[in-house]
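Undergrad: Kindly generate the corresponding structure for this input.
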Amino acid sequence: MKEKTKIILLSGFLGSGKTTLLKHIMAFDTDMSDTVIIMNEVGEVGIDGLLIKNLGCDVVELTSGCICCSMSDDLQESIQEILNHFGPRYIIIEATGVADPAAVSEILATADFKDQIELHKVITVMDAECWEVRNVFGTLFFRQLNQADTIIFNKVDLLDKNDIANFLSEIHQSIPNAQVIPAVNCSIEPEVLWTKPNEHNLLTSESDIQQNECTRCKNGTCGDHINHHKTTFQDHAIFTDKSYVTFSFTESTPMNETAFKSFVAQMPWELFRLKGTVNFGDHSMMINSVAGKTEWQPWEKEVETRLAFVGWNIKADDFLSQLKKCVRNK
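TA: Next up is the predicted model:
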């Protein structure tokens, strides 16, 4: 029988580092020619695809919606086409930051091609600084963690060393069946990606397993040691009607750097995600801003400003009007 295509689902809240992880994976010293990547972004402008083009893998981009709800049909169609034309060994799906892994898993489990694939593992990337303020992110944040076989505790270099140990202990206690890996810039070993869940837990000792084992597992009443903590697809309805707003902005005329950076500095917390390229005329930059934390890096591949936004219960037109005022006078 033909070997089933293995699906690796990358999950994680907005700005956690999923695209950075993809870039790192594609830099592995292994043959990636039998791997196809599906990238899902909310918003009409795809930004993440710009960051990983020409790195050796076939990439399919699904934008303008979330694959666990409005774009589920597109996801199924894309996977079916990939299976028909490429027959890859692996398909890596980078879900949008507001996607529920449980819903994506359910879509895969009920698709017409379900006999041709297997969900190899779910990897959730978490910004280490988010753990301390985790309660402000709501149900979705915890669902992404609870669905994970592996949690990459990313950006630990931004934490105090004592906090790293305390946070890791708290995560293990809260989500005892997940492998938790501290990382900087999502730098992981290839085995973390390719090894099946619970085949070889790289960071968990036998004593840790005994300490973190759930009560139902200890008393023998847990029917599924690996998956008992995972939620169901029906629960997805509790947040599908939330007021997530996505919009995009494109402009060929250079932006006024002072005005644009002032716009970024004054963004309200409800507008919690901004990502894209900005053309300032004499130079271009890639901006990645999440919940008030903004990173800039030089960008030489793009001459057009292309920005994607995600917010909560906001009016996109208000922000688009402000952005237009940042465009240089022609």
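Undergrad: does S284 have beta-bridge partners, and which?
TA: Taking DSSP bridges as the rule, S284 bridges to N279.
Undergrad: which residue ranges form the helices in the stretch 1-150 of the chain?
TA: 18-26, 48-52, 72-85, 101-110, 139-146 (DSSP state H, counting those that start in this stretch).
Undergrad: same question, the stretch 201-330 of the chain
TA: Using DSSP H, counting those that start in this stretch, helices in the stretch 201-330 of the chain cover 206-212, 215-218, 237-240, 257-265, 316-324.
Undergrad: Which strand in the protein has the most residues?
TA: Scanning the chain for the longest strand, with DSSP state E as the assignment, gives strand 117-127.
Undergrad: So what are the sheet partners of it and their directions?
TA: With DSSP bridges as the test, strand 117-127 is paired with strand 5-11 (parallel), strand 150-154 (parallel).
Undergrad: Indicate which one of those strands is closest to D100.
TA: strand 5-11 (8.4 Å; C-beta to C-beta). For every residue, glycine as well, the C-beta is placed using N, CA and C.
Undergrad: Let's see that closest one as CSV, backbone CA atoms only.
TA: Taking Å, rounded to 0.1, in the frame of the first residue of the first chain, the C-alpha atoms of strand 5-11 are listed here in CSV:
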residue,chain,number,x,y,z
THR,A,5,0.8,11.6,3.5
LYS,A,6,1.6,12.9,6.9
ILE,A,7,0.0,16.2,8.0
ILE,A,8,1.8,18.4,10.4
LEU,A,9,-0.4,21.2,11.7
LEU,A,10,1.4,24.4,13.0
SER,A,11,-0.8,26.4,15.3
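Undergrad: burial measure for L158, as a count.
TA: 13 (other C-beta atoms under 10 Å).
Undergrad: Got phi/psi on it?
TA: Reported as degrees, to the nearest 10, the phi and psi values for L158 are phi -90, psi 0.
Undergrad: Report the distance from stretch 123-143 to the chain centre.
TA: 12 Å (C-alpha atoms, centre = their mean, to the nearest Å).
Undergrad: how's this protein carved up into domains?
TA: By the record's domain assignment, the chain is partitioned as 5-238, 244-324 (automatic domain parsing).
Undergrad: want to throw the ones you listed into JSON lines with mean pLDDT?
TA: Converted to JSON lines, the domains of the chain look like this (pLDDT from 0 to 100):
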{"stretch": "domain 5-238", "mean pLDDT": "74"}
{"stretch": "domain 244-324", "mean pLDDT": "85"}
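Undergrad: ok, D31 to P88 distance?
TA: 12 Å (C-beta to C-beta, to the nearest Å).
Undergrad: out of those two, which sits in the busier spot?
TA: P88 (19 against 9).
Undergrad: re earlier: output the helices of the stretch 1-150 of the chain in JSON lines, with mean neighbour count appended to each entry.
TA: Output for these, formatted as JSON lines (neighbours: other C-beta atoms under 10 Å):
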{"stretch": "helix 18-26", "mean neighbour count": "21"}
{"stretch": "helix 48-52", "mean neighbour count": "19"}
{"stretch": "helix 72-85", "mean neighbour count": "16"}
{"stretch": "helix 101-110", "mean neighbour count": "20"}
{"stretch": "helix 139-146", "mean neighbour count": "20"}
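Undergrad: Any chance of those helices in CSV with distance to G281 as columns?
TA: Below are the helices of the stretch 1-150 of the chain laid out as CSV (distance: least, C-beta to C-beta, whole Å):
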stretch, distance to G281
helix 18-26, 26
helix 48-52, 20
helix 72-85, 37
helix 101-110, 41
helix 139-146, 39
